[in-house]
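A.B. asks: what's the 3D shape of this:
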Amino acid sequence: MGISRKDINNDLGFGTKITASGERLINKDGSFNVLRKGRRSFALYQWLVEMSWWRFLLVVVVFFIFINGLFALLFALLGNGAFNGVEDGDEWHRFAHAFFLSTQTFTTVG
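C.D. replies: Numbers count the residues shown, from 1 in each chain. Down below sits the predicted model:
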């Protein structure tokens, strides 16, 4: 029993037995004819891969500044005696040295 010409013309994308309504699973332009329903979980990797380059670089720079700023704040709250070789100064001076230390540690430069 062979495939008739009628079966070839009525191909639904993945065969003739997929749906009874006659809709294709793959449209003629190559896109999928699939409607997803339900909850979709957030995937960080997928979100980062799908964004544009300028947006990705912005996310990386903001994350870098935020995480180093957080650790610098924690280091700076330890006080002047926590850092060897740092002169006594105001809070901004202490925060700047702590941010520099955090950046060196984060990038493994120091």
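A.B. asks: CA only for contacts and neighbour counts going forward, please
C.D. replies: Noted.
A.B. asks: packing partners for the helix or strand where residue 54 lies?
C.D. replies: Using DSSP states H and E, the element containing residue 54 is helix 53-76. Counting contacts by 3 or more CA pairs under 8 Å, 6 or more residues apart in numbering; DSSP states H and E, helix 53-76 is packed against helix 91-107.
A.B. asks: compute the inter-axis angle for the helix it packs on and helix 53-76.
C.D. replies: Interaxial angle, helix 91-107 versus helix 53-76 (axes from the mean of the first three to the mean of the last three CA atoms, to 10 degrees): 120 degrees.
A.B. asks: list the buried residues for helix 91-107?
C.D. replies: With burial defined by 16 or more other CA atoms under 10 Å, the residues of helix 91-107 counted as buried are 94, 95, 97, 98, 99, 101, 102, 103.
A.B. asks: per-residue confidence at the residue most central in space within the chain?
C.D. replies: Central residue of the chain (CA atoms, centre = their mean): residue 48, 2.6 Å from the mean position. Looking at residue 48, its pLDDT reads 91.
A.B. asks: wait, doesn't residue 25 sit right on residue 35?
C.D. replies: No. At 10.3 Å, residue 25 does not count as touching residue 35 under the criterion of CA atoms under 8 Å.
A.B. asks: show me the contacts for the residue nearest to the centre of the chain.
C.D. replies: Residue 48 makes contacts with residue 56, as judged by CA atoms under 8 Å, 6 or more residues apart in numbering.
A.B. asks: how much space between it and residue 56?
C.D. replies: Distance, residue 48 to residue 56, by CA to CA, to the nearest Å: 7 Å.
A.B. asks: can you check residue 27 too?
C.D. replies: Per CA to CA, residue 27 is found 32 Å from residue 56.
A.B. asks: right, I'll call it a day here.
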